[in-house]
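[1] here is a sequence together with a model predicted from it:
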Amino acid sequence: MLPEVGQFALILALSLAICQSVLPLVGAHRGDAAMMRVGRTAATGQFVFLAVAFACLVWAFLSDDFSVLYVANHSQLSLPTMYKVSAVWGAHEGSLLLWILILAAWTVAVARFSGDLPEAFSARVIGVLGFLSVGFLLFAILTSNPFDRLVPAAADGGDLNPLLQDPGLAIHPPLLYIGYVGFSVAFAFAIAAMLSGDLDRTWAKWTRPWTTLAWMFLTLGIALGSWWAYYELGWGGWWFWDAVENASFMPWLIGTALIHSLAVTERRGLFKSWTLLLAITAFSLSLLGTFLVRSGIIVSVHAFATDPTRGFFILSFLAVVVIGALALYAWRAPSLDSDAGFGLLSRETFLLLNNVLFVVATALVLIGTLSPLVIEMATGGKISIGPPWFNVAFLVPTLPLVILLGMGMHAAWRKQPAQPWARVLRIPAIVAVVLGVVIPLFIYGRISILLFVGCAAAAWILVSSLIPIVRSLRREKGSAGITRAALGMSVAHFGMGLFVIGVTIVSAFGVESDRALQPGQSIEVAGHEFEMKELRNVQGPNFSAIEAVVDIRKDGDFIATVRPQKRQYLVQKSPMTEAGIHPGLDKDLFVALGDQLGNGAWSVRIQYKPMIRFIWLGALVMALGGIIAVSDRRYRVKATARDAVPDTVTGTGEATA
Amino acid sequence: MNRFLWPLIIVAGLIVFLVMGLRHGDPRALPSPFIGKAAPEFELPTLKNPEVRIGKQNLLGQYSIVNVWATWCVMCRAEHGFLMDLAASRTIPIYGINWRDSRPDAIRWLDELGDPYIASAFDADGRVGIDWGVYGAPETFLVDPGGTVIYKHLGPLDADIWQREFVARMNSRGAGT
């Protein structure tokens, strides 16, 4: 019964979405206030019905209703309750429902917090979001219904893919989708601005907090996915340049560019048409990612099941949305021009370079992701070009990006006199050169050009981003101090520095060693002694496992005991490696069980991963910077108090985050 | 021309390309420039023992296949089971080229999934891969007793493809397996 309620709620949500997409847009065009107001009500109603549908699906999982096909395929009686819930979004149909629910939640949030926007503008925003919702709801109902019945019902389910039975992966998709879908808000603002023809800089101001918020969730989602791949796939890598990873990374890159270009548009009224284009592109890449992941067009470790009708539907929808948006852009953008100029040495120049480099980086990832498809079409083989290409290609735009970051932060808007600027940069430059030598050579005992560049770049960013904070702390009481937006920028850039140092150190000094080990034996890897105390059988709720108890010592002192497992899941019959990790800020010690070799010996992979935590810590700090920036006062002032932000030439204290 | 039309044109092109990709149902292999030519000379250390070297002379005297693989390649994992079956059937010697990979990862892969290869050449920088015209992994070459490449297959192997493309070619040349 409940699955039918869910089905019915889904159809009602579609009807409301249609109202939400048509009426406010027509109302805004005609200036009919009553029609415009329908948007908000319809959006709220749509959200409620989607929540009901989602709850019905959750309940079907919790109550082991194996008469629902989707539940029968992706759950099982002995699956722990937590994973029964996360199994809801563990495959295509349910994750699509989650995606739509999140879109509705963003819409309600926009409707709730856009009270000070002009009525016609917010009506258009809600209308555009409603249109996106219609597309995805049609997609779900026509091709991917999560409530399809299985007659007769199964006695037990096929279980959730063991790879997904993990706390990290339970929350990774929701975070990622909140980020992905969040770019729809910037997209809707851009479309609404182009429809109304009112493209002054207030458009950019309204869009900024929403974009930063979406970017923040996307950052967290990607970091969590990388962390999961590290400990769950058992290989100890943290990024694989897999098509699905790239699908989430491309919107992140363009989203980052958009955040920076919005700053210029809002503050200086420049780059207007460029910013519009980025807002369209960020969400288009989210749609492209959805298409790549769900159409089976590209081979990937975690692609959803292949179905050409789904691929065709979503591609048609993508075509309508993106071509429509770009046609509107081609019509409106030519009327945008700005007579404001800026000096060669100015913050605008650096942000322009930032944007160009981010777009180049995105294009490289896009080419790398689609090239297997080109080769397949030309020659017929399904192949992957793999990380070696990406690792080299990606450095080309990102290295200058990192160096320019430190310079741009300290350049003023409009025109920056060269001498004071060079004086500010002296300290980070000196620290960068010193640490670039000291960290690799004296802490890790080896140096190369790449190591120097990596460590120096990290130190360069870290010190550069600390300068505004230190300055504001040293300032006397009573002065304005640092704005939240500027603080957020500094914190996010500091996170970038942490990330760079983590990547540099772990790729240069990580040690991997594969050995055979028997209980009682010990081996030494990277100065640490690993002793296998015993092997034992462990019984989990839906798996049985061999667990090794491994003691780690350094210079005779006990450090930790880790318990890597080799699991055999009972229903899906697949073996899974559960690594034993002793985490630490300075290093991870990682032990994974391979295969039984005979004589009671097992092949064991031991890894020493110095500073790998800085990779995710960096992402976390970047996200923190995002939330600080969003909380800036300027986004909370009411419409009546909204006045143009003065174009002061005050340099580093100014907001750009 | 309106420069703001360029994004539209680029995206329209991309969409046409994706439609073609989606409609691309039955893959048919185009002839590789290497087919019918002598296999390129090469000499590489073997994966499991860097002291031992392997080269074109190892392929001569009988039909053999050369399979390009890497641990980062998802489809290589998909075809691995078939390669194990093929090796167990002792139909043909299978040589591997471990392409742009790391030695410990590759050895661990073979330990975990089994080793179907007589030997794998270790091509860390992909030089030999360039000589062989490798686009990506997996790719499989069929080499005749005289050292001529008579067929190249892109993508994962399976029993169907093996019968249809490889066995048929060997039989038609009068040298049954």
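    Sure, I can see it. Numbers count the residues shown, from 1 in each chain, chains lettered A, B, ... in the order given.
[2] beta partners of the residue positioned nearest the centre of chain B?
    Per C-alpha atoms, centre = their mean, the C-alpha nearest to the average position across chain B is that of residue B:139, at 1.7 Å. Note on residue B:139: beta-bridge partners by DSSP bridges are residue B:68, residue B:154.
[3] ok, it touching residue B:152?
    Yes. Contact status for residue B:139 versus residue B:152: in contact at 6.5 Å, counting by C-beta atoms under 8 Å. Bear in mind the C-beta positions are built from the backbone N, C-alpha and C, glycine included.
[4] what about the closest residue to chain A within chain B, how many neighbours?
    Closest approach between chain B and chain A, counting by C-beta to the nearest C-beta: residue B:154, at 2.1 Å. The number of residues packed around residue B:154, counting by other C-beta atoms under 10 Å in any protein chain shown, is 25.
[5] repeat that for residue A:148.
    By the other C-beta under 10 Å criterion, the neighbourhood of residue A:148 contains 12 residues.
[6] could you do residue B:4 as well?
    Residue B:4: 19 surrounding residues under other C-beta under 10 Å.
[7] try residue A:141
    16.
[8] and it, that's in a strand?
    No. Applying DSSP: H, G, I helix; E, B strand; the rest coil, one finds residue A:141 to be helix, outside a strand.
[9] cross-check the contact I'm expecting between residue B:76 and residue B:82.
    No. Contact between residue B:76 and residue B:82 fails when scored by C-beta under 8 Å: they sit 11.0 Å apart.
[10] shared neighbours of those two, anything?
    Shared contacts of residue B:76 and residue B:82, defined by C-beta atoms under 8 Å, 6 or more residues apart in numbering or on different chains, comprise residue B:156.
[11] tell me which of these two has more neighbours.
    Taking other C-beta under 10 Å, residue B:76 and residue B:82 do not tie; residue B:76 has more neighbours (26 against 17).
[12] what about that one, which helix or strand?
    Residue B:76 is part of helix B:74-88 when elements are defined by DSSP states H and E.
[13] residues of that helix that come out buried?
    For helix B:74-88, a neighbour-count test (16 or more other C-beta atoms under 10 Å in any protein chain shown) marks B:74, B:75, B:76, B:78, B:79, B:80, B:82, B:83, B:86, B:87 as buried.
[14] what about it, average pLDDT?
    Helix B:74-88 carries an average pLDDT of 86.
[15] low-confidence ranges, the chain, go.
    In the absence of a named chain, chain A is used. A:234-235, A:296-308, A:337-339, A:379-386, A:476-480, A:572-574, A:636-657 (pLDDT under 70).
[16] ah, no, chain B please
    In chain B, residues with pLDDT under 70: B:1, B:23-34, B:135-136, B:174-177.
[17] for it, which segments count as strands?
    For chain B, the strands defined by DSSP state E cover B:43-45, B:53-55, B:64-69, B:94-99, B:119-123, B:139-143, B:149-154.
[18] what is the burial count for residue A:113?
    Using other C-beta under 10 Å: residue A:113 sits among 15 other residues.
[19] wait, residue A:512 sits on residue A:591?
    No. Contact criterion C-beta under 8 Å: residue A:512 and residue A:591 do not qualify, at 11.5 Å.
[20] joint contacts of the two?
    Counting by C-beta under 8 Å, 6+ apart, the residues touching both residue A:512 and residue A:591 are A:605, A:606, A:607.
[21] quick one: which of those is nearest to residue A:280?
    Minimum distance to residue A:280 across those is 42.5 Å, recorded for residue A:607 (C-beta to C-beta).
[22] quick check: the closest one is in a strand.
    Yes. Counting by three-state DSSP, residue A:607 falls inside a strand.
[23] got a list of what the closest residue to it other than its chain neighbours touches?
    Among residues not flanking residue A:607 along the chain, residue A:590 sits closest, at 4.0 Å (C-beta to C-beta, 6 or more residues apart in numbering or on different chains). By C-beta under 8 Å, 6+ apart, the contact list for residue A:590 reads A:231, A:236, A:579, A:580, A:581, A:582, A:605, A:606, A:607, A:608, A:609.
[24] want to throw those into CSV with neighbour count and distance to residue A:54?
    Shown next, in CSV, are those (neighbours: other C-beta atoms under 10 Å in any protein chain shown; distance: C-beta to C-beta, whole Å):
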residue, neighbour count, distance to residue A:54
A:231, 21, 29
A:236, 23, 36
A:579, 22, 33
A:580, 23, 36
A:581, 21, 34
A:582, 16, 39
A:605, 24, 40
A:606, 25, 43
A:607, 23, 40
A:608, 20, 44
A:609, 25, 38
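[25] including distance to residue A:313, could the residues you listed go into TSV?
    Putting the contacts of residue A:590 into TSV (distance: C-beta to C-beta, whole Å) gives the following:
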residue	distance to residue A:313
A:231	36
A:236	39
A:579	39
A:580	44
A:581	42
A:582	47
A:605	43
A:606	47
A:607	43
A:608	48
A:609	42
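[26] which members of the buried residues of helix B:74-88 additionally contact chain A?
    Near chain A, judged by C-beta under 8 Å from any C-beta of the partner chain, the entries from those are B:74, B:75.
[27] out of the buried residues of helix B:74-88, the closest to residue A:456 would be?
    Using C-beta to C-beta, the buried residues of helix B:74-88 come closest to residue A:456 at residue B:74, 36.1 Å.
[28] for chain B, what's the longest helix?
    Taking DSSP state H as the criterion, chain B has its longest helix at helix B:6-23.
[29] CA atoms of that one as CSV?
    This file holds the C-alpha atoms of helix B:6-23, laid out as CSV (Å, rounded to 0.1, in the frame of the first residue of the first chain):
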residue,chain,number,x,y,z
TRP,B,6,30.2,30.2,-29.7
PRO,B,7,29.3,28.4,-26.4
LEU,B,8,26.0,27.4,-28.1
ILE,B,9,27.8,26.0,-31.1
ILE,B,10,30.4,24.1,-29.0
VAL,B,11,27.7,22.6,-26.7
ALA,B,12,25.6,21.6,-29.7
GLY,B,13,28.6,19.8,-31.2
LEU,B,14,29.2,18.1,-27.9
ILE,B,15,25.6,16.9,-27.6
VAL,B,16,25.7,15.6,-31.2
PHE,B,17,28.8,13.7,-30.2
LEU,B,18,27.2,12.3,-27.1
VAL,B,19,24.1,11.2,-29.1
MET,B,20,26.4,9.4,-31.5
GLY,B,21,28.2,7.8,-28.5
LEU,B,22,24.9,6.6,-27.1
ARG,B,23,23.7,5.2,-30.4
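[30] run through the neighbouring helices and strands of it.
    On a contact count with 3 or more C-beta pairs under 8 Å, 6 or more residues apart in numbering or on different chains; DSSP states H and E, helix B:6-23 meets helix A:272-295, helix A:308-332, helix A:347-379.
[31] mind doing that once more with 6 Å?
    helix A:308-332 (3 or more C-beta pairs under 6 Å, 6 or more residues apart in numbering or on different chains; DSSP states H and E).
[32] tell me which residues touch residue 95, please.
    The chain I'm using is chain A. Under the criterion of C-beta atoms under 6 Å, 6 or more residues apart in numbering or on different chains, the neighbours of residue A:95 are A:89, A:173.
[33] chain B was what I was after
    Residue B:95 sits next to B:66, B:118 when contact means C-beta under 6 Å, 6+ apart.
[34] just the one 4 residues further on next, same as before
    Taking C-beta under 6 Å, 6+ apart as the contact definition, residue B:99 lies against B:68, B:70, B:123, B:126, B:129, B:137.
[35] with adjacent residues omitted, what lies nearest to the fourth one?
    Just to be clear, that refers to residue B:126. Sequence neighbours aside, residue B:100 is the residue nearest to residue B:126 in space, at 4.5 Å (criterion: C-beta to C-beta, 6+ apart).
[36] same check, this time on residue A:604
    Using C-beta to C-beta, 6+ apart and skipping residues adjacent in sequence, the residue nearest residue A:604 is residue A:517, 4.6 Å away.
[37] for the one you found, list each beta-bridge partner.
    Bridge pairing for residue A:517 (DSSP bridges) gives the partners residue A:602.
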